[in-house]
Every structure is written in C-alpha cells, then in structure tokens.
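In: got a predicted model here, sequence first, then my questions.
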Amino acid sequence: MSDRYDMVFVGSGINSLAGAALLARAGKRVLVLERADRLGGAIWTAEITRPGFVHDVLACWHPLFVGSAAYAELAEDLHARGLEYLNTELPTGWVGSDGSSAFLTTSHERNVEELERHARGDGEAWSRVVQGFMPNADLCFGVLTTELWSRAGGGLGLKALRRLGRRGLVELTGNIVVTARDWLTETFASPSTHGLLAPWVLHTGLGPDAAVSGFMTQVIAVAIELGGMPVPKGGGVKLVEALADIVRDAGGALETGQEVERILAENGSVAGVRMTGGTTVSAGCVVANVTPTQLYGRLLDGSDLPAPALEAARRFRYGRADMQIHFALDEPPRWEGDERLPRTAIVHLTPGLDGVSRAINEADRGLLPAEATVVVGQPLAVDPCRAPDGKSILWIQLQELPRKPKGDAAGEIDVGDGTWTEDLRERYADRIQARIARHAPNLESALLGRVAFSPADIERTNVNLVEGDIYSGSCALDQNLIWRPRPSLPGHRTPVEGLYHIGASTHPGPGLGAGSGTIVAHDLLREGPARRAFSAVGRRFGN
Ligand SMILES: Cc1cc2nc3c(=O)[nH]c(=O)nc-3n(C[C@H](O)[C@H](O)[C@H](O)COP(=O)(O)OP(=O)(O)OC[C@H]3O[C@@H](n4cnc5c(N)ncnc54)[C@H](O)[C@@H]3O)c2cc1C
C-alpha cells in the first residue's frame, strides 16, 4: 500500500466503488479500504445453499443503478469489463390472500389494460399518472442526483419555480409529501391496484401511511414501467468486479480486510486514516461510507468536533429490520393462479394496502407481523443461468420486522428476550415458507436448501446495516431528502475539511443508485480535492 493518496474511501459499498471509479478514471490516486473479506458491501453473490445455485444474498435488483448518473457515465467501461444487464417485461406482480393477482409490465398499453381489468377507470388513471409525471421527471429525479444543500440544489429549486410558477411548485410539493394510502385511494378504485403498488413503499424504507410514501410509490411505479427490473448476468458481483477493475486499471487500489479505526485530522482538516493494527495512510481527502453513528462516534476524535454535529449524529435513528430467506429448489415454483406469476421478477404476497399498513404498524410496535408482506424475488425470471438446468432459486425479503421483537402479533412464536437467535429466525422463516407454499404448493416438496439471514445475521455481513436495518437509517421525512442524515447535519460535507460522508445514511439514501458517491465524486472533480472553500454547513459549525 502506498502511503499517500488523493482520496481514500472508507468501505467498499456501491457508493464508494462508483465514486472511486469516477475519480480514478479522471486521474486521481484512489484507495478503497474495506474491513470485510470481500468488496461490495450489500452486494454479495454466493452459492450459499448448494453448489451451482447462485444467490444475490442481500441486494439483488438493479433498476436504480441502471437508471443512475454513475451508470450513464461508466456503462461503456463496465461493459468492457464483462458486466451485462438482463431485463424482463414482467417486473412485478401482486398476489392477495385469496389468490387474486395484478401485474405491472414494461408496456404502458398493457398496464392500462391490466388496471382497467381490475376497475373501470384505473387504466386511464394510470395513464394520467404517467403523463403527469413525465414533464417534471427531470425535477423529481434531479432531487435524487443533486447535492441539495448547494448552489446546484438551489438551481434545481429555481428551475422548478420558473417552470411551474409559485402555485405549481406548491402543488408539486404537496404531491411529494402525500402518503401512499391517500395517493392510492384517491387515484385508483381497485383494491388490487392498491395491492400491486402499496408494497413498493417498503423498498423505499417507508410504510404506506408515512409522509412522502405516495411520491415514492409514483416514482417507483413509473420507473418500473420505464426500466423493468434489470439484474447483472451472473449476479451483482459482476458489477462489483467491473467497478473495481476500472479503479485498478486507472492505477487505484482496493484492499479488503482493512478496517479503518480512526480518521486523522489536523487543524480542522483531514490528514488520512489509521487502520486497526496501526498502519496509517495519508490522503488529501477521505470519503467515509459509514453510518453517522460510526463516523462521529468512533472514527473521528469527538473532542475536535462541534457539539451540534455530535448531538445530531447521536440522534440519528435506525429503521425497521429485515430478514432474507434463500431457497434452492429442485424445480421452479408452481404458482396457482395467473400464468404470468412464474415469469414475474418480484411478486408481493400481501392482503393489500391495509395488509402492508398493518404489518408495518405491528413491526413498529415491536411485534413479528401476523401476515407479513412477503417479497418473492425470482431472479431466474430475468437471469436463467443462476441455477442448474430445470432447478430454481427464490430470493425472499421481509422488511416489516422489529429490530428487537417484543412479541408475535399472531401469538404463535415466543420471541424470548428479543434477541434474534437461530431458533427465532428459523421459526419465523417456517411461517413465511408456509405462506408462500399456500400459493406455490410444490415449494416444500421441491426444497433442496434454505438459508435465512435474521436482522442480526444481516448486521454481521456489514456494520452499516445496524441491527438489520438494510437502509442504514430510518427514511422518515425528518431524515430524508434535504434532511438526511439529520436536519442539522445535511449533505455530504462534514465539519472536518476534506472529509466527506457518503453511503445509504446520506442523501439520496439507500439503494444501488450510487447517488451519494457520484455527487461527491463530481463535487471533488469540479472543485479540486480537499482544501476548498468550506460549505455553509461547515461555517455554521464555526469551522
Ligand atoms: C438485504 C438487502 C437487500 C437489498 N436489496 C436491494 C435491491 O434489490 N436493490 C437496491 O437498489 N437496493 C437494495 N438494498 C439497498 C442497497 O443494497 C444499499 O442501500 C446499498 O448497497 C448501500 O450501499 P453503500 O454505498 O451505502 O454501502 P454499504 O453497502 O453499506 O457498504 C459499506 C461497506 O463499508 C464497510 N465498512 C464500514 N465501516 C468500515 C470501516 N470502519 N473500515 C472499513 N470498511 C468499513 C462495510 O464492511 C461495507 O462493506 C438492499 C440492501 C440489503 C441489505
């Protein structure tokens, strides 16, 4: 390891890898330090059930990356290094308790027909949603790709004001803060359409009764119609490898098994990092892909920091926990009902809007939900090479779990003292397996292997996923958008000059969009590394 770099990244999540690739390609000397024994953070591909069954153990679906600014810039270099995206015309569907179903495809005409089938007028309503969204899509997606606390953020606001006028801007803001429940029930008549769209709010870290969840549902639904559900051929690791190769080919370095224990600062400016074991690396700029808890509570010397920053980090809240279950199957699941189900990438099992709402509420009150929303991912519907011929895999996600359960809403499982033990994990996984088997009755007879990850297991894979919160911090409005990670600590600059904070805990939040890494890389390339005019936030802290 050379001892001086332009930029050192702490952690190798998607934001670090994309940021490092952009900077290395532009001629910067970049080093990525990762404490785990593999690169990629929440992207991890492995044969965890049986040989030949390739599972994306954590994150699986790449619409956010494929729609990202990073991909727009790096696509050619990534493809040259072996990355290939596969996609499907059947990205998502819903199955209710009684077996009724609904689908969203990549064809606008078919979606109009499908929703019209469920309730007269819902198809037309969908058309109005898409038509109403498109003229301002640049503003909505702009929010996710811009440093909001900056001149660029101000520019975006001004652009919106010029285009929409004061009244229009107020209307758009109202449309942004609306809940999914209000938006769905005002817009569509059919409970099937509500059931189809409501579970998607879970993938933004929200529930259907939370502020902004209506806007997030619209963004995701339109993005799914436009972009489908792409995955890398062979698994997410292909993206990690291709990004790492861009860094290496440009002279940068990536090291695993290297835990940063201290970010070094001198006179208010960053100087480098120290790893456990004592090795130090000096750098003009450090980009930390960690939670605020780790950044301000461990990596920085608190005695040098302004009290408001420490207090803001201390108040950072984590969200609900998640569990993942992976199945290896001797044959594909034989779904009962609509013939499209086996070909659909992500099927949500839930009674519908109220079902999602109830499960979220139970989880928020510390209970295992009686009837969770089961996210049934079928990676083979997009990438058939992930299992031997004729066999199958399922990727199951359960996002409505308490980090420390106090009880079971169904009154069946004894949660003990709330520790996610192996026993608790397996008993909850049994409940979910039985739920899926009600709709795909061959599930249990076809079962070759099952590996479940409880919230505690998920945190063990990556310290940023605190107590199994896969979004590295609650996405409630006061910790989202211009307020992420905290209202008094927004954006990516920190009170230490030359130290940047990226990752899921920062704007634009979680997901594989690589937004924060890209924003910071662009910022550094525009204005030069470190030693720069300090931000309004820094000045507010008196630095
Ligand atoms: C189970 C699960 C499923 C998901 N599914 C999807 C999906 O399908 N699609 C989607 O778009 N998003 C999904 N997400 C969300 C998305 O994967 C994450 O938001 C995103 O990958 C986070 O990236 P990041 O850049 O913040 O870094 P992370 O992925 O959090 O990685 C950070 C890395 O930093 C390392 N690190 C931390 N501290 C230190 C230190 N002190 N020294 C050295 N290294 C350190 C960690 O070991 C880790 O490898 C999922 C997440 C999870 C967990």
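Out: That came in fine, so what should we check first?
In: going by neighbour count, which residues of the longest helix along the chain are buried?
Out: Longest helix in the chain, counting residues (DSSP state H): helix 151-177. If you call a residue buried by 16 or more other C-beta atoms under 10 Å, then helix 151-177 has these buried ones: 152-153, 156-157, 160, 164, 169, 172, 175-176. For glycine as for every other residue, the C-beta is placed from the backbone atoms N, C-alpha and C.
In: wait, doesn't Gly473 sit right on His501?
Out: No - in this structure, Gly473 is not within contact of His501 by C-beta atoms under 8 Å, at 11.8 Å.
In: what residues are shared contacts of these two?
Out: 292, 485 (C-beta atoms under 8 Å, 6 or more residues apart in numbering).
In: nearest to the ligand: which residue in the stretch 301-450 of the chain?
Out: Gln324 (5.1 Å; C-beta to the nearest ligand atom).
In: unless I'm mixing things up, that residue is touching Val57, no?
Out: Yes - Gln324 is within contact range of Val57, at 6.9 Å (criterion: C-beta under 8 Å).
In: out of the two, name the residue with the larger neighbour count.
Out: Using other C-beta atoms under 10 Å, the more surrounded residue of Gln324 and Val57 is Gln324, with 28 against 21.
In: pLDDT value on Ala530, please?
Out: The per-residue pLDDT reported for Ala530 equals 37.
In: the spatially closest residue to Tyr296 that is not a sequence neighbour: what secondary structure?
Out: For Tyr296, ignoring the flanking residues on the chain, the nearest one in space by C-beta to C-beta, 6 or more residues apart in numbering is Ala313 at 3.5 Å. Here Ala313 is helix, with the state taken from DSSP: H, G, I helix; E, B strand; the rest coil.
In: what sits against Pro232?
Out: 62, 83-86, 238-239, 383.
In: check which residues of stretch 40-55 are buried.
Out: Buried-residue list, stretch 40-55, by 16+ other C-beta under 10 Å: 40-45, 49, 53-55.
In: check those against the ligand, which are close?
Out: 41-43 (C-beta under 6 Å from any ligand atom).
In: and whatever residue of the stretch 51-200 of the chain ends up closest to the ligand, helix, strand or coil?
Out: Residue of the stretch 51-200 of the chain nearest the ligand, by C-beta to the nearest ligand atom: Ala59 (3.3 Å). When classified by three-state DSSP, Ala59 comes out as coil.
In: residues near Pro63, how many?
Out: 23.
In: would you mind measuring from it to Thr350?
Out: 21 Å (C-beta to C-beta, to the nearest Å).
In: before we move on, what about Val290?
Out: 33 Å.
In: out of the two, which sits in the busier spot?
Out: Thr350 (27 against 24).
In: surely Thr193 is within a helix?
Out: Yes - under three-state DSSP, Thr193 falls within a helix.
In: list the contacts of the helix or strand harbouring Val273.
Out: Counting by DSSP states H and E, the element that carries Val273 is strand 269-275. Defining contact as C-beta under 8 Å, 6+ apart, one finds that strand 269-275 is touched by 8, 10, 33, 258-265, 280-286, 496-499, 530-531.
In: one more time with 6 Å
Out: 8, 258, 260, 262-265, 280-283, 286, 496-499 (C-beta atoms under 6 Å, 6 or more residues apart in numbering).
In: follow-up on the earlier one: and the buried residues of stretch 40-55, which is closest to the ligand?
Out: Gly41 (2.2 Å).
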